[in-house]
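Participant: Output the structure for:
(chains A and B, ligands or ions: 5)
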Amino acid sequence: MIVERANKLRDMAPLLSVNNLEVVFPLRSGAVSAIRDVSFELAKGERLGIVGESGAGKSVTAFAILNLLSKPGYLAGGSVRFAGNNLATLNEESLRRIRGNQISMIFQDPMMTLNPVLTIGAQMSESLRAHRAISRRQARRIALEKLQAVQIPSAETRLAQYPHELSGGMRQRVVIAIALLSDPQIIIADEPTTALDVTIQAEILQLLLRLCNDFAVGLILITHDLGVVSAVTQRILVMYAGRIVERGRTEEVIRRPLHPYTQGLLAALPEQTLPGQRLQQIPGSMPSLQEIPAGCSFHPRCQYAQAICSQASPELSAKGARAAACHFPLNPAR
Amino acid sequence: MQPTDPRTLLTLRDLHKEFDISGGLLNQLSFARGKLRRNRATVKAINGVSLDIVPGEALCLVGESGCGKTTVGRTIMGLLSPTRGTVHYQHRRIDHLRRAARLPYRKKMQMIFQNPYASLNPRKSVAKTLLEPAEFHFPEISAAARRQKVAEVMQAVGVEAAWGTRFPHEFSGGQRQRISIARALMVDPEFIVADEPVSALDVSIQAQVLNLLKQAAEERGLTYLFITHDLSVVEHFGTRVAVMYLGRICELGTCREVFSSPRHPYTRALLSAIPKVGRGSSRHSVHHKPNLKLKGEVPTPIHLPSGCVFHARCAHATDICTARIPPLQTTASGVQVACHAVAQQRI
Ligand SMILES: Nc1ncnc2c1ncn2[C@@H]1O[C@H](COP(=O)(O)OP(=O)(O)OP(=O)(O)O)[C@@H](O)[C@H]1O
Ligand SMILES: Nc1ncnc2c1ncn2[C@@H]1O[C@H](COP(=O)(O)OP(=O)(O)OP(=O)(O)O)[C@@H](O)[C@H]1O
Ligand code: SF4
Ligand SMILES: [Mg+2]
Ligand SMILES: [Mg+2]
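Facilitator: Ligands and ions are numbered 1, 2, ... in the order given. Below you'll find the model as predicted:
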């Protein structure tokens, strides 16, 4: 009985739990925090989206989870719980065993994964054999299978080619194939389909969906494409200037955004404007990390801002599935 | 062959580009049935592309990943030399020019590269990256005027002045993309090949950058070959659109015509696959599927199909489609389509 309950509890415990992450970059002009107070959980098989403008801190969040920040950047606070470990304090050796194995990352820049002087086949087999004792033949077979899964035509020939001989979208798909090699429990995908046309994008998204449904893989999908998040994810986090400003079920966030920033993002979609007309933009631009305004960091761009918005920073409630960090949320639940 | 329109800025005629991928001599040799054989393999990236681009237009080039879009762009810029065919700029042939003779065109023609990570020099600060082309191409203007110009361009693409002292790796993906757009605009070019220039940008900055590029076209007659896979961007930004498939153009026409009544079966499949943000109830689907799914193997430019390159995946293919290459033909609406079924008025 007790064992059963413990099992059940373990199944319900989140796969990944990120708490109050803060990342600091010491720049020549002084230290800046690129993300602050970032907290969220990911359950088994869950598909979570992170959206937000360029520079909002999406990639930095992903790097921070895997403790992969480029020097001199560092984790200034918070924890990342995964499989009984805190990745924020784990030693490099153990981290390496988790990265690319239990947690796979699809980087925004394909060349973070790809080695320009190795053929695609060589790097795939190297990556497989680093974590598993298998023969070259087996490695080649698995590599081929994954390349076909991501719709790479002439996969056999491509194994013998170098990254620079592939088109932009092929390179991106090879990186996805490499991320799938180890049958990970969590996939963090940072803009995985930006270079892909809609037909191949649809196939890749289907593939990710299947992995989540069939093998309970947890997916963190980082993208600026609201069409993609709405097609794939169950929950969304909206980031602005290094903070999470809204969270909730995907459908609700898109149908009834609470935060004026989310509303602005949705209004700027090209499909909201007639062809040929000027696209709507959120006035102004995201503040640089050195000059984040006091109060709500969105207030200089916000059409609903009142006096309090420039004085007090609105908090994102820690509890509840649906929340927004705003003094005057739109469409509040009745 | 001369372009029909005398205003034509850029003309491509029967452009072909093949890449040899057989590797070293040892990799090419194989031993079968007691005979030593030498196998050569080529990627047929472009297979006969002809295009006329007129001043002030934004011609969008769309098509599946790997269909040859970037290769067309790089060939126009002289970064690759065509295997066959020609490139003319303002009625002068430029594809065979040597480096020195090419120089004047480096200011007139600029390219925004697909990968903003690889195209910026990691050892140069942003200010240096932007100042250098100005110093090279405008030696006559004062240093202060050049700095002023850098500041203006930075502001226009949403690159903050404070970023000047930082290096490429210190920026997010979208920030880097804006820096490379700024670099292309620095020298006041006449023509820009923009290879997926907004794909890493979120919608609000995408809107800002597209509006800016559009404004430059209206005010200065800047002309674009705009490579993208994002069809909603094409619909907004493009004047004409060329749909490519396996290194050939299968449909070419004004954006309005092509989007409202696509003719080529591939164009139809492409347009039906656009994921939309589901605000209206029917469009929201977690299990997004393209309506018109393409059947069959993803084809490859290594073994180019005979006849129409699309035939293996086409629902309307007949015998003629596997036998003969369909030429681009002008239809009643003025759109050019390369399809036997359309020519025979079957679809
Ligand atoms: N190594 C670094 N040094 C200094 N600042 C950095 C560094 N890496 C990122 N930043 C800054 O941190 C902020 C967040 O960057 P991040 O890459 O997370 O953005 P993003 O949300 O992924 O944006 P995009 O959609 O453009 O990729 C940006 O302002 C960026 O300039
Ligand atoms: N240097 C090269 N050596 C060998 N093959 C190459 C080279 N450059 C491109 N190719 C091949 O040419 C074909 C067309 O590539 P290209 O980069 O033009 O595609 P694309 O349409 O831009 O695709 P994407 O949308 O994925 O960027 C691909 O099969 C690619 O592998
Ligand atoms: S807190 Fe105020 S300024 Fe910030 S988004 Fe809400 S209304 Fe706008
Ligand atoms: Mg990023
Ligand atoms: Mg390309």
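Participant: show me where the stretch 151-300 of chain B has helices.
Facilitator: B:173-185, B:203-220, B:231-237, B:255-260, B:265-272 (DSSP state H, counting those that start in this stretch).
Participant: Take those and lay them out in a markdown table including mean pLDDT, mean neighbour count and distance to ligand 3.
Facilitator: C-beta coordinates here come from the backbone N, C-alpha and C atoms, glycine included. Converted to a markdown table, the helices of the stretch 151-300 of chain B look like this (pLDDT from 0 to 100; neighbours: other Cβ atoms under 10 Å in any protein chain shown; distance: least, Cβ to the nearest ligand atom, whole Å):
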| stretch | mean pLDDT | mean neighbour count | distance to ligand 3 |
| --- | --- | --- | --- |
| helix B:173-185 | 89 | 25 | 21 |
| helix B:203-220 | 82 | 20 | 15 |
| helix B:231-237 | 85 | 23 | 27 |
| helix B:255-260 | 94 | 19 | 36 |
| helix B:265-272 | 88 | 22 | 37 |
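Participant: Ligand 4 is nearest to which of the ones you listed?
Facilitator: helix B:173-185 (4.3 Å; Cβ to the ion).
Participant: Do that closest one and ligand 4 come into contact?
Facilitator: Yes: judged by Cβ under 5 Å from the ion, helix B:173-185 comes into contact with ligand 4 through B:G173.
Participant: same check, this time on stretch A:52-68
Facilitator: Yes: on the criterion Cβ under 5 Å from the ion, stretch A:52-68 is in touch with ligand 4 at A:S59.
Participant: which parts of that stretch are buried?
Facilitator: A:52-67 (16 or more other Cβ atoms under 10 Å in any protein chain shown).
Participant: returning to what we had before: just put the helices of the stretch 151-300 of chain B in TSV and tack on distance to ligand 1.
Facilitator: Compiled in TSV, these are given as follows (distance: least, Cβ to the nearest ligand atom, whole Å):
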stretch	distance to ligand 1
helix B:173-185	3
helix B:203-220	8
helix B:231-237	16
helix B:255-260	27
helix B:265-272	26
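Participant: for the buried residues of stretch A:52-68, which one is nearest B:R176?
Facilitator: A:S54 (9.4 Å; Cβ to Cβ).
Participant: Just the closest residue of the stretch 151-300 of chain B to ligand 5, please.
Facilitator: B:D195 (5.9 Å).
Participant: neighbours around that residue, how many?
Facilitator: When neighbours are defined as other Cβ atoms under 10 Å in any protein chain shown, B:D195 has 24 of them.
Participant: how about the strands in the stretch 201-334 of chain A?
Facilitator: Under the criterion DSSP state E, counting those that start in this stretch, strands of the stretch 201-334 of chain A are mapped to A:218-222, A:235-240, A:243-249, A:323-324.
Participant: Which strands or helices does the shortest one pack on?
Facilitator: Which is strand A:323-324. strand A:243-249 (3 or more Cβ pairs under 8 Å, 6 or more residues apart in numbering or on different chains; DSSP states H and E).
Participant: ok, and the closest non-adjacent residue to A:L258?
Facilitator: Among residues not flanking A:L258 along the chain, A:A324 sits closest, at 3.7 Å (Cβ to Cβ, 6 or more residues apart in numbering or on different chains).
Participant: So A:E93: helix, strand or coil?
Facilitator: Judged by DSSP: H, G, I helix; E, B strand; the rest coil, the three-state class of A:E93 is helix.
Participant: quick one: it from ligand 5, how far?
Facilitator: 39 Å (Cβ to the ion, to the nearest Å).
Participant: So what's the residue count around that residue?
Facilitator: Neighbours of A:E93 under the rule other Cβ under 10 Å: 7.
Participant: Please tell me how far it sits from ligand 3.
Facilitator: Distance, A:E93 to ligand 3, by Cβ to the nearest ligand atom, to the nearest Å: 44 Å.
Participant: rewinding a little: among the strands of the stretch 201-334 of chain A, single out whichever gets nearest to A:Q108.
Facilitator: Closest among those, using Cβ to Cβ: strand A:218-222, at 7.7 Å.
Participant: Now that closest one - C-alpha only, PDB.
Facilitator: Provided in PDB are the C-alpha atoms of strand A:218-222 (Å, rounded to 0.1, in the frame of the first residue of the first chain):
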ATOM      1  CA  GLY A 218       8.600  16.300 -21.300                       C
ATOM      2  CA  LEU A 219       9.000  19.100 -23.900                       C
ATOM      3  CA  ILE A 220      10.100  22.700 -23.300                       C
ATOM      4  CA  LEU A 221       9.500  24.500 -26.600                       C
ATOM      5  CA  ILE A 222      11.000  27.900 -26.900                       C
END
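Participant: Given it, what are its sheet partners and their directions?
Facilitator: If you go by DSSP bridges, strand A:218-222 pairs up with strand A:47-51 (parallel), strand A:186-190 (parallel).
Participant: Could you list the residues in contact with that strand?
Facilitator: A:15-16, A:42-51, A:58-59, A:61-62, A:65, A:108, A:185-192, A:208, A:211-212, A:228-229, A:232-233 (Cβ atoms under 8 Å, 6 or more residues apart in numbering or on different chains).
Participant: Kindly report the same for stretch A:121-140.
Facilitator: A:97, A:100-101, A:114-115, A:118, A:142-143, A:146-147, A:159-160, A:177-178, A:181-182.
Participant: Which pair of those residues spans the longest distance?
Facilitator: The widest separation within the contacts of stretch A:121-140 (Cβ to Cβ) is 29.9 Å, between A:R97 and A:A160.
Participant: more crowded one of those two?
Facilitator: A:A160 (16 against 12).
Participant: Smallest distance to ligand 5 belongs to which residue of the stretch 101-250 of chain A?
Facilitator: A:G168 (4.1 Å).
Participant: cool, and chain B?
Facilitator: B:T70 (3.1 Å).
Participant: That residue is in what secondary structure piece?
Facilitator: helix B:69-76 (DSSP states H and E).
Participant: what's the pLDDT at whichever residue of chain A sits closest to ligand 4?
Facilitator: Closest to ligand 4 within chain A is A:S59: 3.1 Å, counting by Cβ to the ion. In this model, A:S59 is scored at 95, pLDDT.
Participant: wait, what's in contact with it?
Facilitator: Contacts of A:S59 by Cβ under 8 Å, 6+ apart are A:108, A:190, A:222, B:172-173.
Participant: in what helix or strand does it lie?
Facilitator: Going by DSSP H and E, A:S59 is part of helix A:58-65.
Participant: mind checking how far stretch A:175-185 is from the chain centre?
Facilitator: 15 Å (Cα atoms, centre = their mean, to the nearest Å).
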